[in-house]
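Trainee: predicted structure and sequence below. I'll ask about it afterward.
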Amino acid sequence: MTERVAIVGAGLAGSLLGCYLARRGLSVDLYERRPDPRVGQPERGRSINLAISERGLDALRRIGLVDSVMADALPMKGRMIHPVAGPLDFQQYSASGDRAINSISRGTLNNALLDAAAAAPGVSVHFEHRLAELDSCTGSMVFETPGGKVKVSADVVLGADGAGSAVREQLLAEGAVGESVDFLDYGYKELSIPAVNADFALNPGALHIWPRGTSMMIALPNPDRSFTCTLFWPAGDFDALSNAASIEAHFRTHYPDLLPLAPTLVDDYLHNPVGVLGTVHTQPWQAHGRTALIGDAAHAIVPFYGQGANCAFEDVVELDRCLADTGGSWARALPLYEHRRRENTEAIAAMALDNFVEMRDKVTSPVFRLGKRIEHT
Ligand code: FAD
């Protein structure tokens, strides 16, 4: 009999995982708490674009999705440093100048993965299904839906439900896993720079950084020729600016070149939410050889290395490889997947925290630049 696999969360990791498991001939139910994002508006202020690097592209390439996703991608070959005063400084990621990371719309990427998963044989996608209860021993689950509670069960349950994972919460409540979450005392807010005369207001071939010591802002280009900026600041400090005058005065002092490029700055600042940042450590990632965590649900990291989604995609490739290496035995594949991935995800979590210090402070230091590998954000 074909095993029934439930994936909780149809975000980046869950949708990609659905595609990979369908190729193995498995019967997959993909449950997502949100309505179908392909027919609605994206959430306001939630990382509109992502830097996808070779690690992530490899996962897409293996299932034939890289060309369609890359069609709208904007390659960024280096970082452009914006000082408070003085000229911009472009720092190439590779000496040859031919290596780039790619700015990709989160929505477009998620929708492409959802399209591919929904079209794959054996995959059913269920929107507006929020996991509310799980028994990780039996695979029994309860979802809250607009029509009321729905009870289902599966042979294997994979939690791809992000940093605030309900699957992880249930495993924790059962005593099947332990977790620690290190919240950063920084939050983030998204701002935007629209196109000017139908063209980019800044160089679209770079990831733009405004390093300011205790705060920092970055901007990535979008296919509609706008940029999305992300301002990182100690979480409590955002509230200090509560009206147009104080917001404009602050940006005039600290980000003077942004002000003329951001006509919606005050509205963005006042209405976009402040996002929380943190690192999630979970151990183990699986229970009973039938329930497991993947992507941010297992190991969310801070975004300063631009690697969370790339890392989640690598998890999917590795889990698929473990299934191949164990002849499709979930009981053996799940611990093997954790064993092979844990060291890598712990390393990138530490590097992501280190890169925050580099991006907000050190990118302006010539001495530092000479001694430091500058392949990435
Ligand atoms: P998610 O994308 O969070 O998906 C989880 C899904 O599960 C969602 O669709 C959610 O609705 C659903 N869900 C949640 N709870 C339930 C439930 N109870 N029942 C059913 N469904 C549920 N990564 C990069 O690689 N490059 C970048 O440049 C980058 N920039 C970032 C910038 C910011 C500001 C932030 C915050 C993150 C950034 N990341 C980046 C990290 C990246 O966003 C995450 O690592 C990635 O989204 C993880 O994918 P995921 O599928 O594990 O989780």
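Mentor: Here it is on my side, so go on.
Trainee: touching, F251 and D257? I think so.
Mentor: No. Look at F251 against D257 with C-beta atoms under 8 Å: they stay out of range, at 9.7 Å. Quick note: C-beta positions are derived from backbone N, CA and C, even for glycine.
Trainee: between those two, tell me which one has more neighbours.
Mentor: F251 (21 against 16; other C-beta atoms under 10 Å).
Trainee: any idea how far the nearest residue to that one once chain neighbours are set aside is from Y188?
Mentor: In space, and not counting its chain neighbours, F251 is closest to L259: 5.1 Å by C-beta to C-beta, 6 or more residues apart in numbering. Shown here: L259 relative to Y188, a distance of 20 Å by C-beta to C-beta, to the nearest Å.
Trainee: more crowded one of the two?
Mentor: Shown here are L259 and Y188; by other C-beta under 10 Å, Y188 has more neighbours (24 against 15).
Trainee: contacting residues around that one?
Mentor: The neighbours of Y188, taking C-beta atoms under 8 Å, 6 or more residues apart in numbering as the test, are 230-233, 274-275, 277, 303.
Trainee: and which of those is nearest to the ligand?
Mentor: For these, the residue nearest the ligand by C-beta to the nearest ligand atom is P303; the value is 3.5 Å.
Trainee: ok, the closest one touching A352?
Mentor: Yes. P303 is within contact range of A352, at 7.2 Å (criterion: C-beta under 8 Å).
Trainee: which positions in the stretch 101-250 of the chain make contact with the ligand?
Mentor: Residues of the stretch 101-250 of the chain found near the ligand (C-beta under 6 Å from any ligand atom) are 130-131, 160-162, 166, 188, 230.
Trainee: all helices in the stretch 151-300 of the chain, in order from the N-terminus.
Mentor: 166-173, 244-254, 265-271, 296-299 (DSSP state H, counting those that start in this stretch).
Trainee: and the ones you listed: which comes nearest P37?
Mentor: Proximity to P37 (C-beta to C-beta) singles out helix 296-299 among those, at 16.9 Å.
Trainee: can you tell me the closest non-neighbouring residue to R24?
Mentor: L323 (6.4 Å).
Trainee: quick one: low-confidence parts of the stretch 51-200 of the chain?
Mentor: Along the stretch 51-200 of the chain, the model assigns pLDDT under 70 to no residue.
Trainee: and the strands in it?
Mentor: Using DSSP state E, counting those that start in this stretch, the strands assigned to the stretch 51-200 of the chain run over residues 74-76, 78-81, 89-92, 101-105, 123-126, 130-135, 140-145, 148-153, 156-159, 178-193.
Trainee: for these, which one ends up most surrounded?
Mentor: Ranked by average neighbour count under the criterion mean count of other C-beta atoms under 10 Å, the strands of the stretch 51-200 of the chain are headed by strand 156-159 at a mean of 28.
Trainee: pull up the pairing partners for that one, direction included.
Mentor: Sheet pairing for strand 156-159, assigned by DSSP bridges, gives strand 4-8 (parallel), strand 291-293 (parallel).
Trainee: on that earlier part again, surely the residue nearest to F251 is in contact with R252?
Mentor: Yes. Using C-beta under 8 Å as the test, L259 is close enough to R252 to be in contact (5.7 Å).
Trainee: taking the stretch 101-250 of the chain, what residue is nearest to the ligand?
Mentor: Closest to the ligand within the stretch 101-250 of the chain is G162: 2.9 Å, counting by C-beta to the nearest ligand atom.
Trainee: for that residue, which non-adjacent residue is spatially closest?
Mentor: D296 (4.8 Å).
Trainee: still on that earlier bit, tell me who's in contact with the residue nearest to F251.
Mentor: 248, 251-252, 265.
Trainee: same check, this time on D98
Mentor: Contacts of D98 (C-beta under 8 Å, 6+ apart): K77.
Trainee: from the ligand, how far off is it?
Mentor: Distance from D98 to the ligand, counting by C-beta to the nearest ligand atom, to the nearest Å: 21 Å.
Trainee: coming back round to it: how many neighbours does the residue of the stretch 101-250 of the chain closest to the ligand have?
Mentor: 22.
Trainee: how close does it sit to A312?
Mentor: For G162, the distance to A312 - C-beta to C-beta - is 9 Å.
Trainee: confidence score at P42?
Mentor: Note on P42: pLDDT of 61.
Trainee: if we can go back for a sec, could you name every residue contacting both of G162 and A312?
Mentor: 295-296.
Trainee: you'd agree L202 is up against P194?
Mentor: No. Using C-beta under 8 Å, L202 is not in contact with P194, being 11.4 Å away.
Trainee: compare the two (neighbour count), which wins?
Mentor: With neighbours defined as other C-beta under 10 Å, L202 and P194 compare such that L202 has more, 19 against 15.
Trainee: ok, the more buried one - contacts?
Mentor: 80, 193, 208, 219, 221, 227, 261.
Trainee: nice, that's everything, thank you.
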